[in-house]
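Novice: heads up, no residue letters with this:
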């Protein structure tokens, strides 16, 4: 194992307290025609008192379309606060283009997700940033699924300049009928209990494509890191002990696949206090590495860092690989940055 030597480098570590956020809830949605308008009323409550962004989707038998669009006004979009009888007004001229009949679907999003402990890193190569101390867990990702994160295009638009067609992820989610990570069954409770590789609330979410990881981070008010940020935050440490493998006296940790996040802390922490940076789950990063033509489609590959529960310990020294962002495997997870 190589030793990490820091020379003339000062790094500020600041644990950022971010208590578990309570997600807002929309109730009592009703639709009424009033003169030349359609009025949607609803109640919305955010126990934390956050300012919310309310998204509107018109769901019909033949699919749906997202709002707001021209001709829609009222308590929709950014800046909505908790309260009863919130009103969205739709001009009848707009209604002509809606699915018929349609059911309005509303999502109140407070931009904070479930929260969690973050660590502030004073970057030497760019702006400072925050990084989640732990990999994103099944319980955290389930909040995205339950709040209809798969139903609203806004979270899926890759509008950071890394691809030309920002709707790509949204289109793939519809084409492949993604409604949850690969190994989940949304018809059971909890939905992650059907995952044979990560079946606990506190184990890392697996089987999510890069697009799903991107959408979750966006929903949670966060983002995926660049490879450089990931390396700067983790500084190459290892998670000791993998089933069926021993190295330098370290043996099995008792987990057949993933372990609950933090199980190996502090021995597996990075020097900055990032937990499980090496092992447990490969972590998606945001860079575009190369565009590969597969014949029927082209793919802008994205990097993964850190290795997984299935990675042999000697390989963790330089654990990095690039994959098509559509991959949804039992060894890939992610953590968010901000």
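Specialist: Thanks, I have it. Being a predicted model, the structure only gives us computed values, none of them experimental.
Novice: Nearest residue to the middle of this protein?
Specialist: By C-alpha atoms, centre = their mean, the mean C-alpha position of the chain lies nearest to residue 216, the distance being 2.3 Å.
Novice: Test my guess that it contacts residue 138.
Specialist: No - if you go by C-beta atoms under 8 Å, residue 216 and residue 138 don't touch, sitting 11.8 Å apart. The C-beta positions use only the backbone N, C-alpha and C, and glycine is treated the same way.
Novice: that older thread, could I get the contacting residues of the residue nearest to the centre of the chain?
Specialist: Residues in contact with residue 216 (C-beta atoms under 8 Å, 6 or more residues apart in numbering) are 113, 136, 141, 144, 149, 155, 208, 334, 336.
Novice: Let me see the confidence value for the closest residue to the fifth one other than its chain neighbours.
Specialist: If I follow you right, that is residue 149. The shortest distance from residue 149 to any non-neighbouring residue, by C-beta to C-beta, 6 or more residues apart in numbering, is to residue 219 (5.1 Å). We note a pLDDT of 91 for residue 219 in this prediction.
Novice: And the residue nearest to the centre of the chain, how close does it get to residue 31?
Specialist: 30 Å (C-beta to C-beta, to the nearest Å).
Novice: I'd like the next helix or strand past the helix or strand bottoming out on mean pLDDT in the chain.
Specialist: Lowest by mean pLDDT, DSSP states H and E among the helices and strands of the chain is strand 13-16, with a mean of 42. Note on strand 13-16: by DSSP states H and E, the next helix or strand toward the C-terminus is strand 25-34.
Novice: Show the subsequent helix or strand relative to that next one.
Specialist: Counting by DSSP H and E, the element after strand 25-34 in chain order, helix or strand, is strand 37-45.
Novice: what angle separates that next one from strand 25-34?
Specialist: For strand 37-45 against strand 25-34, the angle by axes from the mean of the first three to the mean of the last three C-alpha atoms, to 10 degrees is 160 degrees.
Novice: how about strand 37-45: buried residues?
Specialist: The neighbour-count check on strand 37-45 (16 or more other C-beta atoms under 10 Å) flags 37, 38, 40, 41, 42, 44, 45 as buried.
Novice: quick one, what contacts the third one?
Specialist: It refers to residue 40. The neighbourhood of residue 40, defined by C-beta under 8 Å, 6+ apart, consists of 29, 30, 31, 56, 87, 88, 90, 104, 106.
Novice: With the second one instead?
Specialist: Taking C-beta under 8 Å, 6+ apart as the criterion, residue 38 is in contact with 31, 32, 89, 90, 92, 95.
Novice: Quick check: the second one vs residue 103, distance?
Specialist: The one in question is residue 32. From residue 32 to residue 103 the distance is 14 Å (C-beta to C-beta).
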